[in-house]
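Enquirer: After the sequence you'll find the predicted model.
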Amino acid sequence: MKSYKINQIEHKRIIGRNVAGAETKPELKFFWAASALEIKVNAKEVRAVIESDYEGQEIWISVHLNHSEISRIMVENTGEKNICLVRNIDPSIENVITIYKETQPMAGDKKHSLVIKEIILDDEGKFLPFGKEVSPLKIEFIGDSITSGEGLRGAPDQLEWISSLFSASRSYASQISRKFNCDFSSISQCGWGLRWGWDGNKDSNVPSLYNQVCSIAGAEEPYNFNFEDGKHPGYDYVVIALGTNDNSALNIPEKECSDSEESRRIFVEAAVDFLKEIKSKNPSAKIIWTYGMIKLDIVPALIKQAVENYKQLTGSKDVWVLELDSMEDVEITDEDKGSRGHPGPKTHRLAAEKIIKFLQNL
C-alpha cells in the first residue's frame, strides 16, 4: 500500500467551503455539512487516514462509490483512524470515490474537527484526472437544519438531538450537486435563521457567518475565504433556504421577535441586506430563495416582499422565490418520513427535482 498526503494527489476535487489554497496543504480539514473529497482511481483498494475531535456530538462520514453510498462511518475522537473505503473493486475500471462529511459543524463545540490526513492506494493503484463529466458550474446553498440533512437518518419517532440522525450527503443540496456533477458549497446550521434562531436568539443568524470560512467550527483562518482577493470566482447560483426558524421565533409570544409590524420590518430589511451581500460577492449569480419543505405561516409573504424590495432598490432581475412541496403534504409512509419532525427522503427528493428543473429553465 502507498500513502499520499492531500497535496501529493494531483487529481482531486475538494468540494465545499474551505480555506484558500486547501489543495496545496498536506491535510484537508472539513468544515460545513456535505463538504467532500473526491478522487478517481484505478485501484483495487482505497483507504483513508482520518482524525476527528469533538466535545459531545460525534462526527459521521459517508463513502460513495461512483456517486452511490456504500458505507457510513462514525469517526470517533480516539486518534487517527486508518479506514478502508473500498476493497476488491476492479482496478481496470475508473472508479470515483467520494468522502462526505455527514454532520454539520456544532455551534459551541470548539473542538469540532474532521481532518483527512492521507489517502492510501494498493501498490498498483493510481489517481486519474477528472474529465468533461465534471461541470464547471458552481452552486452555493445557504440554509438551516434541513440543508444540513438533519432527520434523514432514523425512524419518524426518533426525537433525540444526536449527530447520527444527520445525513448531509442525502440532502436536496447534495442531490442537486450530484445531478449536475458540479462544485458546491453548503452553509447551514440547525436552529439558525436569517434574523433569529428558532428560540428567538438574534445571534443565531446565518448571515453573520457568510464572510468567514467557518468560525462556528473553529477555523484557524476564519476570514481567509475572500471573494475580493481573486481566490474565489464566485458562484453561478445561490440557493437560499432560510426562514423556517425565523417563523418559529415570530410565533413566540411576548418576546422581542414575536410577530408584529416591527418584527416583520426587521426580517424584510435583513433579507434585503443579505441579498445585497450575496450579490456583492457573486455578481454573476442567479439567486433563488426557497421555502416550504416545512409549512410556514408568516415568513413566505416576508420573503416575497424582501425579494421585490431588493429588485426595486437594485434594479436586479436575478432573484426568484420558489415554493417547495411540504413534508405534511407529500410524506405518506414511514419510508417517506424523516426523524425529529424534519423533512424525510421523499421531501428532499422532490425539492431537489423542483430546484433542478427551475435552474435548468432559467
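Expert: Received, thanks.

Enquirer: so what's Tyr141 bridging to?
Expert: Tyr isn't right for residue 141; it's Phe. Ser186, Val239 (DSSP bridges).

Enquirer: ok, how many other residues are close to the residue nearest to Ser113 when sequence neighbours are not counted?
Expert: Using C-beta to C-beta, 6 or more residues apart in numbering and skipping the chain neighbours, the partner closest in space to Ser113 is Asp53 (4.5 Å). All C-beta spots, glycine's among them, are computed from the backbone N, C-alpha and C. Look at Asp53: counted by other C-beta atoms under 10 Å, it has 18 neighbours.

Enquirer: same question, Cys182
Expert: Neighbours of Cys182 (other C-beta under 10 Å): 17.

Enquirer: That one is in contact with Phe130, isn't it?
Expert: No: in this structure Cys182 lies outside contact range of Phe130 using C-beta atoms under 8 Å: 11.6 Å.

Enquirer: all strands for the stretch 101-250 of the chain, in order.
Expert: 113-121, 126-128, 138-143, 183-188, 237-240 (DSSP state E, counting those that start in this stretch).

Enquirer: which outside residues touch the first one?
Expert: Residues from elsewhere that reach strand 113-121 (C-beta atoms under 8 Å, 6 or more residues apart in numbering): 1-6, 9, 26-30, 37, 39, 41, 43, 45-54, 59, 61, 75, 80, 82, 99, 101, 127, 217-218.

Enquirer: Buried ones from those, can you make that a ChimeraX selection?
Expert: Remark: buried members of the contacts of strand 113-121, expressed as a ChimeraX selection using 16 or more other C-beta atoms under 10 Å:
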select :4,6,9,28,29,30,37,39,41,43,45,46,47,48,49,50,51,52,53,54,59,61,75,99,101,127,217,218
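
Enquirer: Just the ones in helices from the contacts of strand 113-121, please.
Expert: Nothing among the contacts of strand 113-121 maps onto helices, per DSSP state H.

Enquirer: So which of the contacts of strand 113-121 belong to strands?
Expert: Using DSSP state E, the members of the contacts of strand 113-121 that fall in strands are 2-4, 28-30, 37, 39, 41, 45-53, 59, 61, 75, 82, 99, 101, 127.

Enquirer: So which of the strands of the stretch 101-250 of the chain is nearest Asn361?
Expert: Of all the strands of the stretch 101-250 of the chain, it is strand 237-240 that lies closest to Asn361, at 12.5 Å by C-beta to C-beta.

Enquirer: And that closest one, how far out from the chain middle?
Expert: 12 Å (C-alpha atoms, centre = their mean, to the nearest Å).

Enquirer: what do you get for stretch 54-71?
Expert: Worked out by C-alpha atoms, centre = their mean, stretch 54-71 lies 14 Å from the chain centre.

Enquirer: these two touch, right, Arg349 and Gln175?
Expert: Yes: using C-beta under 8 Å, Arg349 is in contact with Gln175, at 6.8 Å.

Enquirer: sorry, back to before: distance to Ala155 added to the strands of the stretch 101-250 of the chain, as JSON lines?
Expert: Formatted as JSON lines, the strands of the stretch 101-250 of the chain follow (distance: least, C-beta to C-beta, whole Å):
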{"stretch": "strand 113-121", "distance to Ala155": "26"}
{"stretch": "strand 126-128", "distance to Ala155": "40"}
{"stretch": "strand 138-143", "distance to Ala155": "24"}
{"stretch": "strand 183-188", "distance to Ala155": "23"}
{"stretch": "strand 237-240", "distance to Ala155": "29"}
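
Enquirer: Throw those strands into CSV and include distance to Ser163 and mean pLDDT, thanks.
Expert: Below are the strands of the stretch 101-250 of the chain laid out as CSV (distance: least, C-beta to C-beta, whole Å; pLDDT from 0 to 100):
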stretch, distance to Ser163, mean pLDDT
strand 113-121, 11, 97
strand 126-128, 31, 98
strand 138-143, 17, 97
strand 183-188, 14, 94
strand 237-240, 24, 98
